[in-house]
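In: got a predicted structure here, sequence first:
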Amino acid sequence: MPQELTYREALNQAMREEMRRDPRVFLIGEEVGYYQGAFKVSKGFVEEFGPQRVLDTPITEAGFTGLAIGAAMAGLRPIVELMTFNFGILALDQIVNNAAKIRYMSGGQLSVPMVIRGPGSAAHQLAAQHSQSLEAWFCHVPGLKVIAPATPHDAKGLLKSAIRDPNPVIFIEAQLLYGTKGQVGDGEFTIPIGQAAVKRSGRDVTIVAYSKMLLVALEAAEALSKDGLQAEVIDPRTLKPLDLTTIVESVKKTGRLVIVEEGWRFCGLGAQIADSVYAAALEYLDAPIIRVTGEDVPMPYSRPLEDAAIPDKARVIAAVRRVTYRT
């Protein structure tokens, strides 16, 4: 029977199951052991698996990410927890120049089966250096897979797939999702990497949204339905590789597309999705694609300004009304 879990409990369950299944899997990061993770995702791990498989590290993202890359090359399957993906900037050389390229540069002789996971995007008043949505950076790099699930069910199934994948996977968990609840399938299951999900069916407009913006899109779709507008909401779940087929099939049905992302507009992930849809389905579009994005500013500390910088339900509704010519 399905069970209701929080997002953090689903992640905990996924890692615990994989560590029990495969002794090569281990967790490494700052305060993942005795403190149980900054957001308590690894609660109970050190008691079950011991300090040799749940490794607390010094504050050195480049150091422990590099250590994990070497361990992966040697045959282990590390899970690197970043306290926040904002700190992942300190490990970009390891991620971009080593993890992403070693398989290619070795002619396939070496692989790097590892997961780099942790919280991303804005929470509440964490200010400019701790509120960034950096997924577009990682999607730009050949050799990396990028996942940003929105629900506990998807988080569990995709994390298990990421741990089993032979390639480096960036796994971004929106910080404000950790306490959200949802139904999670019972027992053993995985979700294929690169497979989008239609979260709500509709006929009038397609809305593509991921991570915590999916919740905003679903709220907007519910509000729009009361006015007779039926929005189809698609969660890519995996950002790279992107399931363009599911998105295009929806656009062919609705003729309109709104893309919602928390990241910055310039060179954002939504620009790539829009370009891909224009190339694949231009003749099916009845209106230009509209993107709803975060503002191109460092995140303000002020709560009202922070709210103004992040897409909300009202902005999504306004975009749908524009693209359906119902303003």
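Out: Yes, it's here.
In: break the chain down into its domains, please.
Out: Structural domains annotated on the chain: 3-184, 197-323, as defined by automatic domain parsing.
In: between the ones you listed, which one is closest to Ile191.
Out: Distance to Ile191, taken as Cβ to Cβ, is lowest for domain 3-184 among the domains of the chain, at 3.2 Å. Every C-beta, even on glycine, is put in place using the N, C-alpha and C of the backbone.
In: endpoint to endpoint, the closest one covers what distance?
Out: End-to-end distance of domain 3-184 (Cα to Cα, to the nearest Å): 5 Å.
In: what is the distance between that domain and the centre of its chain?
Out: 11 Å (Cα atoms, centre = their mean, to the nearest Å).
In: can you show me the helices along the stretch 201-327 of the chain?
Out: Applying DSSP state H, counting those that start in this stretch to the stretch 201-327 of the chain gives helices spanning 213-225, 244-254, 269-281, 303-309, 313-323.
In: for Tyr104, which of the ones you listed is the nearest?
Out: helix 269-281 (21.4 Å).
In: so which bits of that closest one are buried?
Out: Neighbour counts over helix 269-281 (16 or more other Cβ atoms under 10 Å) mark Leu269, Gly270, Ala271, Gln272, Ile273, Ala274, Val277, Ala280, Ala281 as buried.
In: circling back to that earlier point, JSON lines for the helices of the stretch 201-327 of the chain, including distance to Gln175 and mean pLDDT?
Out: Output for these, formatted as JSON lines (distance: least, Cβ to Cβ, whole Å; pLDDT from 0 to 100):
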{"stretch": "helix 213-225", "distance to Gln175": "13", "mean pLDDT": "98"}
{"stretch": "helix 244-254", "distance to Gln175": "26", "mean pLDDT": "98"}
{"stretch": "helix 269-281", "distance to Gln175": "18", "mean pLDDT": "98"}
{"stretch": "helix 303-309", "distance to Gln175": "13", "mean pLDDT": "95"}
{"stretch": "helix 313-323", "distance to Gln175": "19", "mean pLDDT": "98"}
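In: I'd like the domains of the chain laid out as TSV, including distance to Thr190.
Out: Below are those laid out as TSV (distance: least, Cβ to Cβ, whole Å):
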stretch	distance to Thr190
domain 3-184	5
domain 197-323	13
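In: out of the helices of the stretch 201-327 of the chain, which is the most enclosed?
Out: Here the criterion is mean neighbour count by mean count of other Cβ atoms under 10 Å, and of the helices of the stretch 201-327 of the chain the winner is helix 213-225, at a mean of 21.
In: for Met83, which of the helices of the stretch 201-327 of the chain is the nearest?
Out: That would be helix 303-309 among the helices of the stretch 201-327 of the chain, by Cβ to Cβ, at 20.4 Å.
In: list the contacts for Ala281?
Out: Contacts for Ala281 were tallied using Cβ atoms under 8 Å, 6 or more residues apart in numbering; they are Val248, Val251, Lys252.
In: kindly reformat those as CSV and extend each row with distance to Asp296.
Out: What follows is the contacts of Ala281, written out as CSV (distance: Cβ to Cβ, whole Å):
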residue, distance to Asp296
Val248, 28
Val251, 26
Lys252, 31
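In: how far does stretch 56-66 stretch from start to finish?
Out: Stretch 56-66: ends 15 Å apart by Cα to Cα.
In: need the buried residues of helix 269-281 in a markdown table with distance to Val292, can you?
Out: Listed next are these as a markdown table, based on distance: Cβ to Cβ, whole Å:
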| residue | distance to Val292 |
| --- | --- |
| Leu269 | 12 |
| Gly270 | 8 |
| Ala271 | 13 |
| Gln272 | 15 |
| Ile273 | 12 |
| Ala274 | 12 |
| Val277 | 15 |
| Ala280 | 21 |
| Ala281 | 20 |
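In: Pro142: which of those residues is nearest?
Out: Closest to Pro142, out of all of the buried residues of helix 269-281 and judged by Cβ to Cβ, is Gln272, at 13.8 Å.
In: pLDDT weak spots in the stretch 51-200 of the chain?
Out: Within the stretch 51-200 of the chain, no range satisfies pLDDT under 70.
In: can you show me the helices along it?
Out: Using DSSP H, counting those that start in this stretch, helices in the stretch 51-200 of the chain cover 61-73, 92, 102-105, 135-139, 152-164.
In: thinking again about what came up before, what's the closest of the helices of the stretch 201-327 of the chain to Val260?
Out: helix 213-225 (4.6 Å).
In: pull the residues that contact the closest one.
Out: The contact list for helix 213-225, computed with Cβ under 8 Å, 6+ apart, reads 150-151, 180, 199-200, 202, 207, 209, 230-231, 233, 235, 260-262, 311-313, 316-317, 320.
In: buried only: go through those residues for me.
Out: Buried among those (16+ other Cβ under 10 Å): 150-151, 180, 199-200, 202, 207, 209, 231, 233, 235, 260-262, 311, 313, 316-317, 320.
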